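Novice: quick one, fold the following:
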Amino acid sequence: MTAGFVRGLRDSLSIAIGYVPVAISFGLAAIHADIAPFMAVLFSLMIYAGASQFILVALIAQQTWFLSVVAIICLMNLRHLFYGPALLKAAVPVNRRYPLVFWAAGLTDEVFAAAIGRFSQQPDHEKEGWYLGLQLGAYLSWVGGTAIGAYFGADWLGRSAVLDQSLGFVLPALFFALLLEIAPAVPRVVLVTSMAAAAIALAWLPAYVAIIVGMLAGGVASVALTKK
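Specialist: Model (predicted):
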């Protein structure tokens, strides 16, 4: 358990490299929306939803009706309904020692991709510890990055235009790296179908809806491939 947990923390560094700059950006966005620094950190501690937190800040700044805020954030995170069953089937050991709530609490896009791609490399008795370490490392990097952005980021970015412009590139680069990691385990037709469907949907729909469309298309392609 301990060895697997430590290895999971180490493997979370690849996620943290992408999380910290984006979390710094979130802390800055919250401050610019007149949200107190401690509240920005509390958002990351309690919500921990990546892009949804940026949308949440924008909606708060626009004084959007709270029920509309809840509906929009839930829709953006609808994709997690697919992550849980997929992880449960492919990765969760039968003899797990912790309740499933511990598996779900830190499940993000990047953690899911890393888990699916690397679970087969972990010894059976260390899988649970490894996954918990992976989650914790990613979570701490997001919260820590938010605190840095909320309390110190404005001064840093004001002195570096290059740093300001580069933050937006980090998360897409992280997603692409994770895609390359899990690509060998996924049929090529499923990847291409998901990509094409998401790209077409993106021309008319918001990004978070296009992601869901791509996931649904990939699921249909996978089912069709299995039946054949």
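Novice: domain ranges for the protein?
Specialist: The chain breaks down into these domains under automatic domain parsing: 2-183, 186-228.
Novice: just say which of the ones you listed is most tucked in.
Specialist: With neighbours defined as mean count of other Cβ atoms under 10 Å, the domains of the chain peak in mean count at domain 2-183, which reaches a mean of 17. All C-beta atoms are positioned from the backbone trio N, CA, C, and that covers glycine.
Novice: state the mean pLDDT of the helix or strand hosting I211.
Specialist: Taking DSSP states H and E as the criterion, I211 maps to helix 207-227. Averaged over helix 207-227, pLDDT sits at 78.
Novice: check which helices and strands it is in contact with.
Specialist: When contacts are defined as 3 or more Cβ pairs under 8 Å, 6 or more residues apart in numbering; DSSP states H and E, helix 207-227 sits against helix 66-76, helix 188-202.
Novice: what's the least confident stretch among those helices?
Specialist: Ranked by mean pLDDT, those end with helix 66-76 at the bottom, a mean of 76.
Novice: what angle separates that one from helix 207-227?
Specialist: 40 degrees (axes from the mean of the first three to the mean of the last three Cα atoms, to 10 degrees).
Novice: low pLDDT regions in this protein?
Specialist: Along the chain, the parts satisfying pLDDT under 70 run over 1, 90-95, 153-183, 185, 207-208, 227-228.
Novice: and P123, how far from V189?
Specialist: The gap separating P123 from V189 is 32 Å, by Cβ to Cβ, to the nearest Å.
Novice: try A114
Specialist: In this view, A114 and V189 are 23 Å apart by Cβ to Cβ.
Novice: elements contacting the helix or strand that contains G84?
Specialist: Applying DSSP H and E as the criterion places G84 in helix 80-90. With contacts taken as 3+ Cβ pairs under 8 Å, 6+ apart, helix 80-90 sits against helix 100-105, helix 109-118.
Novice: tell me the angle the longest one makes with helix 207-227.
Specialist: Computed by the same axes, to 10 degrees, the angle separating helix 109-118 from helix 207-227 equals 20 degrees.
Novice: dump helix 109-118 to PDB, keeping only the CA atoms.
Specialist: Output of helix 109-118 as PDB, limited to C-alpha atoms (Å, rounded to 0.1, in the frame of the first residue of the first chain):
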ATOM      1  CA  ASP A 109     -10.200  14.000 -16.800                       C
ATOM      2  CA  GLU A 110      -6.400  13.800 -16.300                       C
ATOM      3  CA  VAL A 111      -6.500  11.300 -13.400                       C
ATOM      4  CA  PHE A 112      -8.900   9.100 -15.400                       C
ATOM      5  CA  ALA A 113      -6.600   9.100 -18.400                       C
ATOM      6  CA  ALA A 114      -3.500   8.400 -16.300                       C
ATOM      7  CA  ALA A 115      -5.300   5.600 -14.400                       C
ATOM      8  CA  ILE A 116      -6.600   3.900 -17.500                       C
ATOM      9  CA  GLY A 117      -3.200   4.100 -19.100                       C
ATOM     10  CA  ARG A 118      -1.100   2.900 -16.200                       C
END
